[in-house]
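Student: Show me how the following folds:
(one chain, ligands or ions: 1)
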Amino acid sequence: MNAELSYNNKKTELKVLEGSNGETAIDITKLRNETGLITYDPGYQNTGSCQSAITFIDGEKGILRYRGIPVEKLAEKSTFIEVSYLLIYGKLPNREERAQYSQQLSINALLHEDMLHYLENIPPTAHPMTLLSNMVNSLSVYYPGFYVENYDNATFHLMAARLISKIRTMAAFCYKKSIGEPFVYAREDLLYVQNFLNMMFSSPVKSYELDPDIIRTLEVLLILHADHEQNCSTSTVRLVGSSKVNLYSSICAGICALWGPLHGGANQKVIEMLESIQKSSLSPKDCIERAKSKDNPFRLMGFGHRVYRNYDPRAKILKAYCTKLFKKMKTNDPLLEIAMQLEELALSDDYFIERKLYPNVDFYSGILYRTIGIPTNMFTVMFAMGRMPGWIAHWREMHDSLPFKIGRPRQIYTGSPLSEYVPIEKRT
Ligand code: SDX
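Tutor: So this is what the prediction gives:
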(Lines give C-alpha, C1' and ligand atoms only; values in the text may rest on other atoms or scores of the structure.)
Protein backbone atom coordinates (compact mmCIF):
# COMPACT_ATOMS: atom_id res chain seq x y z
CA MET A 1 0.00 0.00 0.00
CA ASN A 2 1.35 3.46 -0.92
CA ALA A 3 0.41 7.10 -0.34
CA GLU A 4 0.77 9.66 -3.10
CA LEU A 5 2.01 13.17 -2.47
CA SER A 6 1.21 15.73 -5.11
CA TYR A 7 3.45 18.83 -4.79
CA ASN A 8 4.97 21.32 -7.22
CA ASN A 9 3.40 19.53 -10.21
CA LYS A 10 5.12 16.31 -9.19
CA LYS A 11 3.55 13.13 -7.75
CA THR A 12 5.64 11.17 -5.27
CA GLU A 13 4.76 7.67 -4.09
CA LEU A 14 5.41 7.10 -0.38
CA LYS A 15 5.35 3.62 1.16
CA VAL A 16 2.75 3.02 3.90
CA LEU A 17 3.96 0.84 6.77
CA GLU A 18 1.50 -1.30 8.75
CA GLY A 19 2.06 -2.41 12.35
CA SER A 20 1.10 -5.84 13.72
CA ASN A 21 -2.12 -4.37 15.16
CA GLY A 22 -3.03 -2.50 12.00
CA GLU A 23 -1.70 1.00 12.73
CA THR A 24 -0.42 2.61 9.55
CA ALA A 25 2.29 5.20 8.89
CA ILE A 26 3.67 7.01 5.85
CA ASP A 27 7.37 6.17 5.48
CA ILE A 28 8.98 9.59 4.85
CA THR A 29 12.60 8.41 5.08
CA LYS A 30 13.12 9.50 1.43
CA LEU A 31 10.79 12.54 1.46
CA ARG A 32 13.43 15.31 1.49
CA ASN A 33 15.58 13.67 -1.19
CA GLU A 34 12.60 13.15 -3.48
CA THR A 35 10.62 16.34 -2.86
CA GLY A 36 12.86 18.80 -0.98
CA LEU A 37 10.16 18.83 1.71
CA ILE A 38 10.45 17.99 5.40
CA THR A 39 7.46 17.46 7.73
CA TYR A 40 6.52 19.79 10.60
CA ASP A 41 4.90 18.33 13.73
CA PRO A 42 5.56 20.18 17.05
CA GLY A 43 5.36 17.74 19.96
CA TYR A 44 5.48 14.88 17.45
CA GLN A 45 1.71 14.39 17.81
CA ASN A 46 1.52 12.67 14.42
CA THR A 47 5.09 11.40 14.07
CA GLY A 48 6.38 7.88 14.67
CA SER A 49 10.07 7.87 15.71
CA CYS A 50 10.65 4.12 15.43
CA GLN A 51 9.15 0.69 15.03
CA SER A 52 8.89 -1.15 18.35
CA ALA A 53 7.70 -4.56 19.56
CA ILE A 54 7.68 -3.73 23.28
CA THR A 55 4.39 -2.00 24.15
CA PHE A 56 1.13 -1.46 22.31
CA ILE A 57 -1.34 1.31 23.17
CA ASP A 58 -4.69 1.91 21.54
CA GLY A 59 -5.61 5.35 22.87
CA GLU A 60 -9.13 5.33 21.45
CA LYS A 61 -9.98 2.00 23.08
CA GLY A 62 -7.94 2.45 26.27
CA ILE A 63 -5.79 -0.61 25.51
CA LEU A 64 -2.28 -1.13 26.96
CA ARG A 65 -0.28 -4.35 26.39
CA TYR A 66 3.32 -5.25 27.25
CA ARG A 67 4.73 -7.65 24.63
CA GLY A 68 1.10 -8.39 23.67
CA ILE A 69 -0.11 -9.21 27.21
CA PRO A 70 -2.91 -6.91 28.51
CA VAL A 71 -1.72 -4.83 31.44
CA GLU A 72 -4.87 -5.81 33.36
CA LYS A 73 -3.76 -9.47 33.27
CA LEU A 74 -0.22 -8.62 34.37
CA ALA A 75 -1.52 -6.44 37.22
CA GLU A 76 -3.70 -9.34 38.36
CA LYS A 77 -1.25 -12.24 38.02
CA SER A 78 2.36 -11.10 37.59
CA THR A 79 5.11 -9.42 39.59
CA PHE A 80 7.22 -6.37 38.78
CA ILE A 81 10.32 -8.52 38.33
CA GLU A 82 8.55 -10.83 35.88
CA VAL A 83 7.22 -7.81 33.95
CA SER A 84 10.71 -6.27 33.89
CA TYR A 85 12.06 -9.49 32.36
CA LEU A 86 9.16 -9.61 29.89
CA LEU A 87 9.77 -6.05 28.68
CA ILE A 88 13.56 -6.32 28.41
CA TYR A 89 13.92 -9.88 27.09
CA GLY A 90 10.64 -10.22 25.19
CA LYS A 91 9.14 -13.17 27.08
CA LEU A 92 7.92 -14.15 30.54
CA PRO A 93 10.77 -15.96 32.36
CA ASN A 94 10.48 -19.69 33.11
CA ARG A 95 11.18 -20.82 36.67
CA GLU A 96 14.94 -21.13 36.13
CA GLU A 97 15.24 -17.76 34.33
CA ARG A 98 13.16 -16.06 37.01
CA ALA A 99 15.29 -17.50 39.80
CA GLN A 100 18.52 -16.44 38.04
CA TYR A 101 17.15 -12.94 37.36
CA SER A 102 15.97 -12.53 40.94
CA GLN A 103 19.40 -13.66 42.17
CA GLN A 104 21.15 -11.16 39.89
CA LEU A 105 18.97 -8.36 41.27
CA SER A 106 19.70 -9.42 44.86
CA ILE A 107 23.49 -9.41 44.44
CA ASN A 108 23.31 -5.98 42.78
CA ALA A 109 21.19 -4.28 45.43
CA LEU A 110 24.06 -2.50 47.18
CA LEU A 111 25.39 0.93 46.21
CA HIS A 112 29.14 1.50 46.02
CA GLU A 113 30.02 2.75 49.51
CA ASP A 114 31.83 5.75 48.01
CA MET A 115 28.49 6.84 46.52
CA LEU A 116 27.11 7.33 50.01
CA HIS A 117 29.62 10.14 50.64
CA TYR A 118 27.86 12.02 47.82
CA LEU A 119 24.52 11.54 49.56
CA GLU A 120 25.92 12.53 52.95
CA ASN A 121 27.04 15.95 51.68
CA ILE A 122 23.78 16.91 49.97
CA PRO A 123 21.30 19.24 51.76
CA PRO A 124 18.41 17.16 53.19
CA THR A 125 16.00 19.49 51.37
CA ALA A 126 17.28 18.43 47.92
CA HIS A 127 14.49 17.00 45.73
CA PRO A 128 14.92 13.22 45.44
CA MET A 129 14.70 13.41 41.63
CA THR A 130 17.90 15.49 41.57
CA LEU A 131 19.64 12.92 43.77
CA LEU A 132 18.32 10.03 41.68
CA SER A 133 19.47 11.43 38.33
CA ASN A 134 22.89 12.28 39.76
CA MET A 135 23.35 8.85 41.34
CA VAL A 136 22.22 6.95 38.23
CA ASN A 137 24.61 8.95 36.06
CA SER A 138 27.45 8.37 38.52
CA LEU A 139 27.07 4.58 38.15
CA SER A 140 29.46 4.87 35.20
CA VAL A 141 32.00 6.33 37.67
CA TYR A 142 31.66 3.56 40.26
CA TYR A 143 31.08 0.76 37.74
CA PRO A 144 33.18 1.80 34.75
CA GLY A 145 33.97 -0.31 31.73
CA PHE A 146 30.67 -0.15 29.87
CA TYR A 147 30.33 1.98 26.81
CA VAL A 148 28.32 1.15 23.76
CA GLU A 149 31.35 -0.13 21.85
CA ASN A 150 31.60 -2.92 24.50
CA TYR A 151 27.95 -3.71 23.94
CA ASP A 152 27.69 -7.47 24.52
CA ASN A 153 24.90 -9.48 26.15
CA ALA A 154 26.68 -10.30 29.40
CA THR A 155 27.60 -6.63 29.92
CA PHE A 156 24.10 -5.50 29.05
CA HIS A 157 22.45 -8.00 31.45
CA LEU A 158 24.69 -6.73 34.27
CA MET A 159 23.93 -3.07 33.50
CA ALA A 160 20.20 -3.75 33.38
CA ALA A 161 20.25 -5.69 36.67
CA ARG A 162 22.30 -2.98 38.34
CA LEU A 163 19.88 -0.25 37.26
CA ILE A 164 16.70 -2.11 38.23
CA SER A 165 18.09 -3.22 41.57
CA LYS A 166 20.01 -0.11 42.56
CA ILE A 167 17.32 2.45 41.73
CA ARG A 168 15.27 0.84 44.52
CA THR A 169 18.17 1.29 46.98
CA MET A 170 18.83 4.83 45.74
CA ALA A 171 15.16 5.73 46.28
CA ALA A 172 15.10 4.34 49.81
CA PHE A 173 18.41 6.04 50.69
CA CYS A 174 17.12 9.39 49.34
CA TYR A 175 14.12 9.05 51.65
CA LYS A 176 16.24 8.10 54.68
CA LYS A 177 18.54 11.04 53.92
CA SER A 178 15.58 13.44 53.85
CA ILE A 179 14.35 12.30 57.30
CA GLY A 180 17.81 12.08 58.83
CA GLU A 181 17.63 8.35 59.52
CA PRO A 182 20.43 5.84 58.90
CA PHE A 183 20.37 3.90 55.64
CA VAL A 184 18.83 0.43 55.86
CA TYR A 185 20.51 -2.05 53.53
CA ALA A 186 18.79 -4.58 51.28
CA ARG A 187 18.33 -8.09 52.70
CA GLU A 188 19.00 -11.32 50.81
CA ASP A 189 15.86 -12.98 52.22
CA LEU A 190 13.43 -10.35 50.89
CA LEU A 191 11.99 -10.04 47.37
CA TYR A 192 12.15 -6.82 45.35
CA VAL A 193 9.15 -4.90 46.69
CA GLN A 194 9.47 -6.25 50.23
CA ASN A 195 13.11 -5.17 50.30
CA PHE A 196 12.20 -1.68 49.13
CA LEU A 197 9.52 -1.25 51.79
CA ASN A 198 11.87 -2.54 54.47
CA MET A 199 14.68 -0.20 53.36
CA MET A 200 12.19 2.69 53.38
CA PHE A 201 10.32 2.15 56.62
CA SER A 202 12.32 -0.01 59.00
CA SER A 203 15.08 1.43 61.22
CA PRO A 204 17.50 0.22 63.92
CA VAL A 205 14.83 1.00 66.53
CA LYS A 206 11.66 -0.11 64.74
CA SER A 207 10.93 -3.08 62.52
CA TYR A 208 8.49 -2.71 59.64
CA GLU A 209 5.64 -5.17 59.28
CA LEU A 210 5.33 -6.29 55.67
CA ASP A 211 1.60 -6.15 54.89
CA PRO A 212 0.68 -8.41 51.89
CA ASP A 213 -1.95 -5.93 50.63
CA ILE A 214 0.51 -3.03 50.68
CA ILE A 215 3.12 -5.21 48.95
CA ARG A 216 0.63 -6.18 46.24
CA THR A 217 -0.50 -2.57 45.78
CA LEU A 218 3.09 -1.40 45.29
CA GLU A 219 3.80 -4.35 42.97
CA VAL A 220 0.83 -3.29 40.81
CA LEU A 221 1.87 0.38 40.89
CA LEU A 222 5.31 -0.59 39.55
CA ILE A 223 3.85 -2.95 36.93
CA LEU A 224 1.48 -0.25 35.65
CA HIS A 225 4.34 2.25 35.29
CA ALA A 226 6.77 -0.20 33.68
CA ASP A 227 6.44 1.04 30.09
CA HIS A 228 4.31 3.25 27.87
CA GLU A 229 5.87 3.19 24.37
CA GLN A 230 7.29 6.50 23.06
CA ASN A 231 6.36 8.86 25.94
CA CYS A 232 8.51 11.92 26.61
CA SER A 233 11.05 10.24 28.93
CA THR A 234 11.37 7.04 26.87
CA SER A 235 11.84 9.07 23.69
CA THR A 236 14.51 11.01 25.59
CA VAL A 237 16.32 7.78 26.51
CA ARG A 238 16.23 6.75 22.86
CA LEU A 239 17.35 10.14 21.54
CA VAL A 240 20.21 10.50 24.03
CA GLY A 241 21.12 6.81 23.59
CA SER A 242 21.25 7.26 19.82
CA SER A 243 24.50 9.22 20.23
CA LYS A 244 25.97 5.92 21.54
CA VAL A 245 26.50 7.30 25.03
CA ASN A 246 26.43 4.66 27.79
CA LEU A 247 23.18 3.23 29.21
CA TYR A 248 23.47 4.98 32.58
CA SER A 249 23.70 8.47 31.05
CA SER A 250 20.80 7.68 28.71
CA ILE A 251 18.65 6.62 31.66
CA CYS A 252 19.73 9.72 33.62
CA ALA A 253 18.35 11.85 30.77
CA GLY A 254 15.07 9.93 30.93
CA ILE A 255 14.81 10.56 34.69
CA CYS A 256 15.25 14.30 34.09
CA ALA A 257 12.53 14.32 31.41
CA LEU A 258 10.17 12.34 33.65
CA TRP A 259 10.42 14.98 36.40
CA GLY A 260 8.44 17.55 34.39
CA PRO A 261 4.93 18.35 35.76
CA LEU A 262 3.36 17.57 32.38
CA HIS A 263 4.84 14.06 32.53
CA GLY A 264 5.90 11.98 35.52
CA GLY A 265 5.95 14.97 37.85
CA ALA A 266 2.15 15.13 37.53
CA ASN A 267 1.61 12.59 40.33
CA GLN A 268 3.19 14.98 42.83
CA LYS A 269 1.20 17.88 41.32
CA VAL A 270 -2.08 15.92 41.65
CA ILE A 271 -1.67 15.52 45.42
CA GLU A 272 -0.57 19.15 45.78
CA MET A 273 -3.67 20.16 43.80
CA LEU A 274 -5.98 17.99 45.93
CA GLU A 275 -4.38 19.25 49.16
CA SER A 276 -4.79 22.88 48.07
CA ILE A 277 -8.45 22.23 47.24
CA GLN A 278 -8.92 20.59 50.65
CA LYS A 279 -7.34 23.57 52.43
CA SER A 280 -9.11 26.22 50.34
CA SER A 281 -12.73 27.26 50.16
CA LEU A 282 -12.74 26.10 46.53
CA SER A 283 -15.29 23.44 45.67
CA PRO A 284 -14.45 20.73 43.11
CA LYS A 285 -16.94 22.53 40.82
CA ASP A 286 -14.94 25.78 41.15
CA CYS A 287 -11.78 23.84 40.18
CA ILE A 288 -13.41 22.35 37.12
CA GLU A 289 -14.42 25.85 35.97
CA ARG A 290 -10.87 27.13 36.56
CA ALA A 291 -9.40 24.21 34.59
CA LYS A 292 -11.63 25.12 31.63
CA SER A 293 -10.80 28.82 31.64
CA LYS A 294 -8.22 29.98 29.10
CA ASP A 295 -7.48 32.94 31.37
CA ASN A 296 -6.50 30.66 34.22
CA PRO A 297 -3.24 28.65 34.09
CA PHE A 298 -4.83 26.05 36.40
CA ARG A 299 -5.08 22.60 34.83
CA LEU A 300 -6.65 19.50 36.27
CA MET A 301 -3.44 17.61 37.00
CA GLY A 302 -3.74 13.87 36.37
CA PHE A 303 -6.27 14.53 33.60
CA GLY A 304 -5.71 14.34 29.87
CA HIS A 305 -3.23 12.38 27.81
CA ARG A 306 -1.48 12.70 24.47
CA VAL A 307 -2.51 9.22 23.40
CA TYR A 308 -5.47 8.08 25.50
CA ARG A 309 -8.68 9.55 24.16
CA ASN A 310 -10.46 7.18 26.54
CA TYR A 311 -10.00 6.21 30.17
CA ASP A 312 -6.33 5.33 30.89
CA PRO A 313 -6.62 1.60 31.77
CA ARG A 314 -3.99 2.10 34.49
CA ALA A 315 -6.10 4.76 36.22
CA LYS A 316 -9.05 2.36 36.27
CA ILE A 317 -7.00 -0.35 38.01
CA LEU A 318 -5.46 2.11 40.52
CA LYS A 319 -8.85 3.60 41.39
CA ALA A 320 -10.07 0.11 42.32
CA TYR A 321 -6.94 -0.42 44.43
CA CYS A 322 -7.66 2.83 46.32
CA THR A 323 -11.04 1.51 47.37
CA LYS A 324 -9.63 -1.96 48.17
CA LEU A 325 -6.69 -0.71 50.25
CA PHE A 326 -8.74 1.82 52.19
CA LYS A 327 -11.26 -0.87 53.06
CA LYS A 328 -8.49 -3.18 54.28
CA MET A 329 -6.66 -0.45 56.22
CA LYS A 330 -9.94 1.06 57.45
CA THR A 331 -8.62 4.45 56.42
CA ASN A 332 -10.43 7.14 54.53
CA ASP A 333 -8.36 9.76 52.73
CA PRO A 334 -10.38 12.95 52.10
CA LEU A 335 -8.22 13.53 49.02
CA LEU A 336 -9.72 10.40 47.41
CA GLU A 337 -13.18 11.84 48.00
CA ILE A 338 -12.16 15.10 46.31
CA ALA A 339 -10.51 13.20 43.44
CA MET A 340 -13.64 11.14 42.81
CA GLN A 341 -15.83 14.28 42.88
CA LEU A 342 -13.51 16.00 40.37
CA GLU A 343 -13.59 12.93 38.14
CA GLU A 344 -17.38 12.68 38.27
CA LEU A 345 -17.79 16.38 37.42
CA ALA A 346 -15.19 16.32 34.63
CA LEU A 347 -16.54 13.17 32.99
CA SER A 348 -19.94 14.84 32.62
CA ASP A 349 -18.64 18.26 31.51
CA ASP A 350 -18.69 19.14 27.78
CA TYR A 351 -15.25 20.81 27.93
CA PHE A 352 -13.62 17.55 29.05
CA ILE A 353 -15.86 15.34 26.94
CA GLU A 354 -15.17 17.30 23.71
CA ARG A 355 -11.42 17.21 24.35
CA LYS A 356 -11.55 13.54 25.43
CA LEU A 357 -9.85 14.32 28.73
CA TYR A 358 -9.93 11.40 31.17
CA PRO A 359 -8.03 10.55 34.36
CA ASN A 360 -4.52 9.25 33.57
CA VAL A 361 -2.20 7.03 35.58
CA ASP A 362 -1.13 9.96 37.78
CA PHE A 363 -4.61 10.81 39.00
CA TYR A 364 -4.85 7.97 41.52
CA SER A 365 -1.26 6.79 41.91
CA GLY A 366 -0.33 9.56 44.35
CA ILE A 367 -3.20 8.67 46.69
CA LEU A 368 -1.95 5.09 46.86
CA TYR A 369 1.70 6.07 47.41
CA ARG A 370 0.51 8.38 50.20
CA THR A 371 -1.49 5.58 51.81
CA ILE A 372 1.59 3.35 51.75
CA GLY A 373 3.46 6.13 53.59
CA ILE A 374 5.60 7.41 50.70
CA PRO A 375 6.05 11.21 50.88
CA THR A 376 4.79 13.38 48.00
CA ASN A 377 8.24 14.45 46.83
CA MET A 378 9.10 10.76 46.30
CA PHE A 379 6.17 10.03 43.95
CA THR A 380 8.08 10.73 40.73
CA VAL A 381 10.98 8.65 42.05
CA MET A 382 8.48 5.79 42.34
CA PHE A 383 7.42 6.44 38.76
CA ALA A 384 11.08 6.25 37.66
CA MET A 385 11.54 2.97 39.56
CA GLY A 386 8.55 1.51 37.74
CA ARG A 387 9.59 2.87 34.33
CA MET A 388 13.19 1.63 34.56
CA PRO A 389 12.59 -1.69 32.70
CA GLY A 390 10.75 0.13 29.92
CA TRP A 391 13.57 2.61 29.43
CA ILE A 392 16.15 -0.19 29.35
CA ALA A 393 14.06 -2.27 26.93
CA HIS A 394 13.73 0.64 24.48
CA TRP A 395 17.43 1.52 24.73
CA ARG A 396 18.33 -2.08 23.87
CA GLU A 397 15.74 -2.37 21.08
CA MET A 398 17.14 0.81 19.51
CA HIS A 399 20.74 -0.46 19.67
CA ASP A 400 19.66 -3.77 18.14
CA SER A 401 17.74 -2.08 15.32
CA LEU A 402 19.37 -1.60 11.93
CA PRO A 403 20.14 0.78 10.34
CA PHE A 404 21.22 2.42 13.61
CA LYS A 405 20.67 6.18 13.23
CA ILE A 406 21.56 9.06 15.54
CA GLY A 407 18.40 11.07 16.27
CA ARG A 408 18.62 14.50 14.64
CA PRO A 409 15.29 16.18 13.71
CA ARG A 410 15.13 19.05 11.19
CA GLN A 411 13.48 22.48 11.61
CA ILE A 412 11.77 25.29 9.73
CA TYR A 413 14.03 28.36 10.06
CA THR A 414 12.15 31.59 10.86
CA GLY A 415 15.09 33.83 11.83
CA SER A 416 16.87 36.76 10.08
CA PRO A 417 17.93 36.58 6.43
CA LEU A 418 21.64 36.87 5.57
CA SER A 419 22.96 39.77 7.73
CA GLU A 420 26.20 41.83 8.04
CA TYR A 421 28.37 41.94 11.16
CA VAL A 422 27.98 45.47 12.65
CA PRO A 423 31.02 46.73 14.63
CA ILE A 424 30.16 47.89 18.18
CA GLU A 425 30.74 51.56 17.40
CA LYS A 426 27.97 51.47 14.77
CA ARG A 427 25.40 49.59 16.85
CA THR A 428 22.33 51.43 18.23
C1 SDX B 1 2.04 10.85 31.87
O2 SDX B 1 3.01 9.96 27.13
C3 SDX B 1 2.78 9.13 28.08
O4 SDX B 1 2.54 7.97 27.85
C5 SDX B 1 2.87 9.72 29.45
C6 SDX B 1 2.48 8.77 30.58
C7 SDX B 1 3.45 7.60 30.68
O8 SDX B 1 3.05 6.56 31.23
O9 SDX B 1 4.63 7.80 30.31
O10 SDX B 1 1.17 8.27 30.38
C11 SDX B 1 2.52 9.47 31.94
O12 SDX B 1 2.85 11.74 31.67
C13 SDX B 1 0.57 11.14 31.98
C14 SDX B 1 0.24 12.66 31.82
C15 SDX B 1 0.52 13.35 33.15
N16 SDX B 1 0.34 14.84 32.99
C17 SDX B 1 -0.72 15.44 33.52
O18 SDX B 1 -1.65 14.87 34.08
C19 SDX B 1 -0.69 16.97 33.37
C20 SDX B 1 -2.10 17.48 33.00
N21 SDX B 1 -2.36 17.07 31.62
C22 SDX B 1 -2.09 18.00 30.56
O23 SDX B 1 -1.03 18.89 30.79
C24 SDX B 1 -2.14 17.36 29.17
O25 SDX B 1 -3.31 16.66 29.11
C26 SDX B 1 -1.01 16.47 28.71
C27 SDX B 1 0.31 17.14 28.86
C28 SDX B 1 -1.01 15.18 29.48
C29 SDX B 1 -1.26 16.15 27.25
O30 SDX B 1 -1.07 17.33 26.56
P31 SDX B 1 -1.35 17.44 24.98
O32 SDX B 1 -1.58 16.12 24.35
O33 SDX B 1 -0.26 18.29 24.41
O34 SDX B 1 -2.73 18.15 24.92
P35 SDX B 1 -2.94 19.71 24.87
O36 SDX B 1 -2.12 20.35 25.92
O37 SDX B 1 -2.76 20.15 23.44
O38 SDX B 1 -4.48 19.87 25.30
C39 SDX B 1 -5.54 19.74 24.33
C40 SDX B 1 -6.68 20.58 24.92
C41 SDX B 1 -6.26 22.01 25.24
O42 SDX B 1 -7.42 22.82 25.19
P43 SDX B 1 -7.70 23.66 23.79
O44 SDX B 1 -6.47 24.49 23.53
O45 SDX B 1 -7.99 22.62 22.72
O46 SDX B 1 -8.94 24.51 24.13
O47 SDX B 1 -7.09 20.00 26.18
C48 SDX B 1 -6.85 20.94 27.21
C49 SDX B 1 -5.86 21.95 26.68
O50 SDX B 1 -6.00 23.20 27.36
N51 SDX B 1 -6.30 20.19 28.35
C52 SDX B 1 -6.62 20.39 29.62
C53 SDX B 1 -5.91 19.42 30.35
N54 SDX B 1 -5.18 18.68 29.51
C55 SDX B 1 -5.41 19.17 28.27
N56 SDX B 1 -7.43 21.29 30.22
C57 SDX B 1 -7.53 21.21 31.57
N58 SDX B 1 -6.88 20.30 32.35
C59 SDX B 1 -6.06 19.41 31.77
N60 SDX B 1 -5.41 18.53 32.51
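Student: What values do phi and psi take at residue 70?
Tutor: Main-chain dihedrals, residue 70, degrees, to the nearest 10: phi -60, psi 140.
Student: for the residue in the chain positioned nearest to the ligand, what are its contacts?
Tutor: Relative to the ligand, the nearest point of the chain is residue 304 (2.3 Å; Cβ to the nearest ligand atom). Placement of C-beta: from N, CA and C, glycine included. Shown in contact with residue 304 (Cβ atoms under 8 Å, 6 or more residues apart in numbering): 355, 357-358, 360.
Student: Among those, which pair sits farthest apart?
Tutor: 355 and 360 (13.3 Å; Cβ to Cβ).
Student: Name the residue in those two with the higher neighbour count.
Tutor: Higher neighbour count among residue 355 and residue 360: residue 360, with 23 against 12, using other Cβ atoms under 10 Å.
Student: ok, that one touching residue 310?
Tutor: No: counting by Cβ atoms under 8 Å, residue 360 stays clear of residue 310, with 10.9 Å between them.
Student: picking that back up, of the contacts of residue 304, which ones also sit close to the ligand?
Tutor: For the ligand, the contacts drawn from the contacts of residue 304 by Cβ under 6 Å from any ligand atom are 355, 357, 360.
Student: ok, the closest residue to residue 60 other than its chain neighbours - contacts?
Tutor: Excluding the flanking residues, the one nearest residue 60 by Cβ to Cβ, 6 or more residues apart in numbering is residue 309, at 5.4 Å. If you count contacts by Cβ under 8 Å, 6+ apart, residue 309 has them with 59-60, 356.
Student: same check, this time on residue 30
Tutor: Counted by Cβ under 8 Å, 6+ apart, residue 30 has contacts residue 14.
Student: can you give me phi and psi for it?
Tutor: Dihedral angles for residue 30 - degrees, to the nearest 10 - are phi -110, psi 10.
Student: how far away is it from residue 84?
Tutor: 38 Å (Cβ to Cβ, to the nearest Å).
Student: Ok, residue 378 next?
Tutor: Distance from residue 378 to residue 84, by Cβ to Cβ: 20 Å.
Student: if you count what's nearby, which of these two comes out ahead?
Tutor: residue 84 (27 against 23).
Student: Give me the three-state assignment for the more buried one.
Tutor: Following DSSP: H, G, I helix; E, B strand; the rest coil, the label given to residue 84 is helix.
Student: Confirm for me that it is in contact with residue 226.
Tutor: Yes: at 6.7 Å, residue 84 counts as touching residue 226 under the criterion of Cβ under 8 Å.
Student: Mind listing the shared neighbours of those two?
Tutor: Contact with both residue 84 and residue 226 is made by residues residue 389, according to Cβ under 8 Å, 6+ apart.
Student: near the ligand, which residues of the stretch 301-428 of the chain?
Tutor: 301-307, 355, 357, 360-362.
Student: and these as TSV, adding secondary structure and pLDDT?
Tutor: Below are those laid out as TSV (DSSP: H, G, I helix; E, B strand; the rest coil; pLDDT from 0 to 100):
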residue	secondary structure	pLDDT
301	coil	94
302	coil	95
303	strand	94
304	coil	95
305	coil	95
306	coil	93
307	coil	94
355	coil	95
357	coil	96
360	coil	94
361	helix	95
362	helix	95
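Student: what's the closest of these to residue 314?
Tutor: Of all these, residue 314 sits closest to residue 361, with 4.1 Å by Cβ to Cβ.
Student: Tally up the residues packed near the closest one, please.
Tutor: 26.
Student: Give me the nearest residue to it, chain neighbours excluded.
Tutor: residue 314 is the one closest to residue 361 (Cβ to Cβ, 6+ apart), at 4.1 Å.
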